[in-house]
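Novice: Model the structure of this input:
(2 chains)
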Amino acid sequence: MSQNIENVQLKGVIFSPSELALVAPDITLTKYIKAGYRPSLRRFNEFKPMIISTAGISRYDISLLNDGKKINELTTVIGSSSIKCGGTSTICTISAGLVEDNFEAVNDYRMRLDADIIVNNDDKNEENEEIDNILGGNLINKNGCVYPVIEIAKGTTGPPGDEEIGLGEKLYETILHSGLINREELKVDVGLKSIDENGNEIILRGDDVGVIKKKFSFVIYARIQVFGKTGPLFDQCYASLVKALSDTKLPEVYLNERESNLRTKSGKRNANINIQSYDLVCDSVKYRKLKLRKDRICWSSTFGIVDLSSLNKEDNEGDIDIITETEEDIEQSILLTDLEGEAENNLSKRISVLSNGEGFFTSITIEKGNGSRITTDIIKQALELSQVRAKDMIPKF
Amino acid sequence: MSAYTAKQNILQQVDGSATFQFSTTKIISSITGPIEVARPRNEKPTEAFLSISVRPSTGTPTTREAFLEVKLKKILSCMINMEQYPLSEIQIVVQILESGEREQFTCMELACAVNSLYLALLNAGISLKASFLSSFCASKDDNIIVRPTKEELDTSTANHLSVFSISDGKADELIYSDSIGKTTETELFSALAAISSDVNKINETVREVILQSVVDDYVWKF
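Specialist: Now for the predicted structure:
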């Protein structure tokens, strides 16, 4: 009889480590962490090395091989970067457009109504202030922004998913509010290209150019492509965007002279219409570098937090030890840096910090997700670690 | 500091609805569910599927609203007892009636949406892990302004939004926190403290609103 009972005993199913990682990634992760390291064999607070470089595919880049000649005359890209981190590659390209600052719509009555700035029209001095107000208030009017589009290569086509939209919007929000780009820096000093009496090309600026009453600004677009995703991508996308922006060269802009005097008068009694048509041309050789605010350049670090019931509890080949059950109350949270792999990617408890390495942060996001309570200690630990990382990485931009 | 009002049980054709208003920001939200999953591929065998849509006050939804949806999903999926509704869907619609802030900011709308959704979820009878409320603040020259106005937000250097769970009528656990703009560690912690005490205040009003709607719903009068 006793032999029978022995036969009935259930046998544990044994998975090889690689199988278990597929079937139950969370259990694998817990097992690894109890052993003191992570599936990627990094330590808990060990960052992944990242190689940051300019991609050298922008218009004003100079070829070192080809006697200093420009090589990319056909592209509209004005800044680029390439980042490699483990198996993940990120390529960022910057392009730009021109927009009229005091466009007609700004003075539209409905726009004013929306911006809540209906004032007495006689007050001409307030005109500039009004325009500033419509463009987005005091702080926003000082900060320039970038419009990024993220593409994560998955082998399928289709519209951007939640993750891609979220990354793009977060990048836009952080760049705008951090004040990385001075808005003044994006303003265009439009010149008038002409030929002087000797037949040489000259560019007139400032007071010499009477006809240009309108003001223009650059709008910066970024396209970020990610290949081989293994974990959260914000850190890499932010790094590649900042690197590409620091490499960005804005073209000189001038007006085509013939077009500048184009004025039509339709002489039907009182109906006089003045049409000023501009043909803006970007110089193919001359450029200026886009200057970033040095103190606002940050490094982004995303941390995942793992909860362990008790580190001391040992798995004794399936033996149930009743005494250790009571020790489950001792919860320990462990901060993991640079998440990698499916199990770590599934961690919903996260802290994401953008630090400049000198005590300032431009974005801090804390998500509790499914896990135990987030303590002050763990937040402080994350902030401190991100500072250390930022100090190390920012000089590499 | 701006005033706030709340009301439950607004819409008749959905399972739960509520409005919440922070002086200039007003949001109405509705909950339908748990219902059968609309698209089979969204069906999850072990938990509920949250379908969240945010509608702006003017125009059609943009990436800004899509990002708000992503944030709301992170907050709600850890507050709803998702395991209790396997193979089903909970439809959540957030309609912004008055934005009250510039399009470059989202903190007022997000805080307002979280609060109105809490009331709507209660109204719909969806099982929650805990009560939760949200508030926001702006910082300028080392000062923390709780629930700033549009103009104060414009001139601030950073803005913070947090969601706290509530236990025994007090703000308890930090659920979600988002700080944007130039800030420091001390500023973050004082902002969190300021928001949690503000959440305590909002909770007093919210409790009265819930009590009132329970009284109104109680049809068996003696």
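Novice: Which residues belonging to the longest helix belonging to chain B are considered buried?
Specialist: Taking DSSP state H as the criterion, chain B has its longest helix at helix B:185-217. Of the residues in helix B:185-217, B:185, B:187-188, B:190-192, B:194-196, B:198-203, B:206, B:209-210, B:213 count as buried by neighbour count, 16 or more other Cβ atoms under 10 Å in any protein chain shown. Heads up, the C-betas are built off the backbone N, CA and C, glycines and all.
Novice: Over to stretch B:96-114?
Specialist: B:96, B:98-102, B:104-114.
Novice: so which of the buried residues of helix B:185-217 also contact chain A?
Specialist: Among those, the ones lying near chain A by Cβ under 8 Å from any Cβ of the partner chain are B:185, B:188.
Novice: Would you check that residue A:244 makes contact with residue A:77?
Specialist: No - if you go by Cβ atoms under 8 Å, residue A:244 and residue A:77 don't touch, sitting 9.2 Å apart.
Novice: Please enumerate the shared neighbours of those two.
Specialist: A:93-94 (Cβ atoms under 8 Å, 6 or more residues apart in numbering or on different chains).
Novice: of these two, who's got more company?
Specialist: Using other Cβ atoms under 10 Å in any protein chain shown, the more surrounded residue of residue A:244 and residue A:77 is residue A:244, with 30 against 20.
Novice: Which SSE is immediately downstream of the host helix or strand of the more buried one?
Specialist: Element membership for residue A:244 (DSSP states H and E) is helix A:234-246. Once the chain leaves helix A:234-246, the next helix or strand it forms, by DSSP H and E, is strand A:249-256.
Novice: Run the chain-centre distance for that next one.
Specialist: 26 Å (Cα atoms, centre = their mean, to the nearest Å).
Novice: and that strand, what does it pack onto?
Specialist: strand A:191-195, strand A:280-289 (3 or more Cβ pairs under 8 Å, 6 or more residues apart in numbering or on different chains; DSSP states H and E).
Novice: what about the strands in the stretch 251-397 of chain A?
Specialist: Secondary structure of the stretch 251-397 of chain A (DSSP state E, counting those that start in this stretch): strands at A:280-289, A:299-308, A:332-337, A:350-355, A:361-367.
Novice: Quick check: buried residues in the second one?
Specialist: Neighbour-count burial for strand A:299-308 flags A:299-306, A:308 (criterion: 16+ other Cβ under 10 Å).
Novice: just these that are near chain B?
Specialist: Okay, of those, nothing touches chain B (Cβ under 8 Å from any Cβ).
Novice: residue closest to the middle of chain B?
Specialist: In chain B, the residue lying closest to the centroid (Cα atoms, centre = their mean) is residue B:114, at 0.4 Å.
Novice: Which parts of the stretch 1-150 of chain A are strands?
Specialist: A:51-53, A:79-85, A:88-100, A:146-152.
Novice: For the last one, list the C-alpha coordinates in CSV.
Specialist: The one in question is strand A:146-152. Taking Å, rounded to 0.1, in the frame of the first residue of the first chain, the C-alpha atoms of strand A:146-152 are listed here in CSV:
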residue,chain,number,x,y,z
VAL,A,146,10.8,69.3,-32.6
TYR,A,147,8.2,67.2,-34.3
PRO,A,148,9.5,63.6,-34.2
VAL,A,149,8.1,60.6,-36.0
ILE,A,150,9.2,57.2,-34.6
GLU,A,151,9.3,54.0,-36.7
ILE,A,152,10.0,50.7,-35.0
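Novice: is any part of the very next helix or strand once past it close to chain B?
Specialist: Per DSSP H and E, the first helix or strand lying C-terminal to strand A:146-152 is helix A:162-178. Yes - counting by Cβ under 8 Å from any Cβ, chain B has neighbours in helix A:162-178: A:162, A:165-166, A:168-170, A:173-174, A:176-178.
Novice: Just the buried ones out of these, please.
Specialist: A:165-166, A:168-170, A:173-174, A:176-178.
Novice: Among those residues, which one lies nearest to residue A:29?
Specialist: Using Cβ to Cβ, residue A:166 comes nearest to residue A:29 of these, at 24.0 Å.
Novice: For the closest one, list the residues it contacts.
Specialist: B:66-67, B:70 are the contacts of residue A:166 under Cβ under 8 Å, 6+ apart.
Novice: if you set the cut-off to 10 Å instead, what comes out?
Specialist: A:150, A:160, A:234, B:63, B:66-67, B:69-71, B:73-74 (Cβ atoms under 10 Å, 6 or more residues apart in numbering or on different chains).
Novice: which one of those is nearest residue A:201?
Specialist: residue A:150 (41.1 Å).
Novice: Go ahead and confirm that closest one touches residue A:222.
Specialist: Yes - with contact defined as Cβ atoms under 10 Å, residue A:150 reaches residue A:222; the gap is 8.9 Å.
Novice: hmm, back to that, now the buried residues of strand A:299-308 as a markdown table including pLDDT?
Specialist: A markdown table is the format used below for the buried residues of strand A:299-308 (pLDDT from 0 to 100):
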| residue | pLDDT |
| --- | --- |
| A:299 | 95 |
| A:300 | 95 |
| A:301 | 94 |
| A:302 | 94 |
| A:303 | 95 |
| A:304 | 94 |
| A:305 | 93 |
| A:306 | 91 |
| A:308 | 83 |
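Novice: Out of those residues, which is nearest to residue B:42?
Specialist: Distances from residue B:42 to these, taken by Cβ to Cβ, are shortest for residue A:304, at 25.7 Å.
Novice: which one is the closest one nearest to, not counting chain neighbours?
Specialist: Nearest non-adjacent residue to residue A:304, counting by Cβ to Cβ, 6 or more residues apart in numbering or on different chains: residue A:347, 3.8 Å away.
Novice: Tell me how far the longest helix of chain B lies from the chain's centre.
Specialist: The answer for helix B:185-217 is 11 Å, by Cα atoms, centre = their mean.
Novice: quick one: contacts for the nearest residue to residue A:170 once chain neighbours are set aside?
Specialist: Spatial nearest neighbour of residue A:170, chain neighbours left out: residue A:234 (6.4 Å); criterion: Cβ to Cβ, 6+ apart. If you count contacts by Cβ under 10 Å, 6+ apart, residue A:234 has them with A:150, A:163, A:166-167, A:170-171, A:174, A:300-302, A:352, A:354, A:363, A:365.
Novice: can you pull out the strands in chain B?
Specialist: B:4-8, B:16-22, B:25-36, B:49-55, B:88-98, B:131-140, B:143-146, B:158-167, B:170-183 (DSSP state E).
Novice: Out of the ones you listed, flag the one nearest residue A:194.
Specialist: strand B:170-183 (44.3 Å).
Novice: got the angle for the closest one vs strand B:158-167?
Specialist: Using axes from the mean of the first three to the mean of the last three Cα atoms, to 10 degrees, one finds that strand B:170-183 and strand B:158-167 are set 170 degrees apart in direction.
Novice: May I have the strands that pair with strand B:170-183, each with its orientation?
Specialist: strand A:361-367 (antiparallel), strand B:158-167 (antiparallel) (DSSP bridges).
Novice: ok, back up a step: for the residue nearest to the centre of chain B, give its distance to chain A.
Specialist: 13 Å (Cβ to the nearest Cβ, to the nearest Å).
Novice: Looks like that residue contacts residue B:195 (just checking).
Specialist: No - contact between residue B:114 and residue B:195 fails when scored by Cβ under 10 Å: they sit 12.0 Å apart.
Novice: Could you tell me which residues touch both of those two?
Specialist: B:133-136, B:161-163.
Novice: Tell me who's in contact with residue A:150.
Specialist: Residue A:150 neighbours (Cβ under 10 Å, 6+ apart): A:90, A:92, A:160-161, A:163-171, A:222-226, A:233-234, A:237, A:241.
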